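Asks: Generate a structure from the sequence data that follows.
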Amino acid sequence: MHTLTDSELNGFSRLMFEAAGITLAPSKKALVEGRLSKRLHALGLATFTDYLQHLRQDATERQQAIDLLTTNETYFFREPRHFAYLSEQIIPAADPARPLRVWSAACSSGEEPYSLAMVLAERMGQRPWEIVASDISTRVIDQARRGIYPMERAEKIPQAYLKAFCLKGTGAQEGSFALQQSIRERVRFQVINLNSTLPDIGQFDLVVLRNVMIYFDADTKRAVCRRLLEVLRPGGHLFIGHSESLNGLDLPVRSIQPAVYLKPQ
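Replies: As a prediction, this is how the structure comes out:
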C-alpha cells in the first residue's frame, strides 16, 4: 500500500480547500491514504505526489478525488427536532399564495431532502412546494437521484411515512426500498459548490446546511453562510447541525433555538 507523507497530506488539504473550502486536519491522514490509494493503483502512479500533479491537470480525476474525500455520513430524519420545527412552525406560517421552497444545501446521498419531502407531502396538502437538493460530489448526487436504499436505512423513518411513501424491493431489489415516484419527482438534485458563486436557484423559505461547517475555517464558514443567506427570503429559516454554531460570524440572523436561525423581515 502507498504511504502518505505529511507534505503530501498538506498538498491534498490545499487542493480540497481551493476546490471546496474543506480543511483536512492531520487526523484525516489515514482516511486520505485509504480512500485515494486505489486511484494511484488504477492510474499506475508510484506516489501521492505523482497523483497530486495529475490532479492539477485532470479536472475529471480531480472531481473524483473530491468525491472520495468528501465525508457523506447521513441518515433519514437525522436531528428530529428540525423536522418537528418544520412541521409545527414553518409550514403553518407559510404564505399560501406561493410555493414553499426548501434547499438541502449539502444533501449527500439524498436521505435529508427525501425526509423533508415526506414531511411536506404529508403536511402541505394541496399547497405547492419545491425542494432543491445539492452537493459538491457528483457520485452522491447520482446515488440520491435513484432514491433506492438498503432496507436497514429505513429504521429512522416513521412507520406512517414508510407505508405512505416507500416501496419495499422484491426480486432483484430484495433487501432494499425505494422512495415513491411522487416523492422523488418533487426533489431537484444538482451539483453545487458552496465555496463559489451560486447558480440561479431562486429564493427559499428554508435552507438546510447541517454537519458541513465542521470542515470549514471561520472565514470560509462566514463566506458560505453569506451566500446562503442571500437566497434566503426575509423571515426564512436556516438549519445547521446541532454540533455547529454561527457564534462570532457576524451574520444577519437571529438564533431561535439550538441549530435554528431566522433571517429577520
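
Asks: Could you use CA atoms for every contact and neighbour count after this?
Replies: Will do.

Asks: Stretch 100-120: end-to-end distance?
Replies: 9 Å (C-alpha to C-alpha, to the nearest Å).

Asks: Could you find the closest non-adjacent residue to residue 100?
Replies: With C-alpha to C-alpha, 6 or more residues apart in numbering as the measure, residue 129 is the residue that lies nearest to residue 100, at 4.5 Å, once sequence neighbours are left out.

Asks: The one you found and residue 69, how far apart?
Replies: Applying C-alpha to C-alpha, the value for residue 129 to residue 69 is 33 Å.

Asks: And these two? Which one has more around it.
Replies: Shown here are residue 129 and residue 69; by other C-alpha atoms under 10 Å, residue 69 has more neighbours (21 against 18).

Asks: got the contact list for that one?
Replies: 32, 35 (C-alpha atoms under 8 Å, 6 or more residues apart in numbering).

Asks: I'd say residue 193 and residue 22 touch.
Replies: No: contact criterion C-alpha atoms under 8 Å: residue 193 and residue 22 do not qualify, at 11.1 Å.

Asks: ok, those two, which is more surrounded?
Replies: Neighbour count, other C-alpha under 10 Å: between residue 193 and residue 22, residue 22 has more, with 24 against 19.

Asks: Quick one: mean pLDDT for the helix or strand harbouring residue 64?
Replies: Assigned by DSSP states H and E, residue 64 falls within helix 59-69. Helix 59-69 carries an average pLDDT of 85.

Asks: In contact with the residue nearest to residue 100, which residues?
Replies: 99-101, 120.

Asks: Got phi/psi on it?
Replies: When quoted as degrees, to the nearest 10, the phi and psi of residue 129 stand at phi -150, psi 160.

Asks: State the distance from it to residue 91.
Replies: Using C-alpha to C-alpha, residue 129 is found at 10 Å from residue 91.

Asks: got any residues that touch both of the two?
Replies: By C-alpha under 8 Å, 6+ apart, the residues touching both residue 129 and residue 91 are residue 120.

Asks: just for this protein, where's the confidence low?
Replies: 1, 71-72 (pLDDT under 70).

Asks: Sheet partners, orientation included, of the biggest strand by length in it?
Replies: Ranked by residue count, the top strand of the chain under DSSP state E comes out as strand 232-240. Neighbouring strands of strand 232-240 in its sheet, by DSSP bridges, are strand 204-209 (parallel), strand 260-262 (antiparallel).
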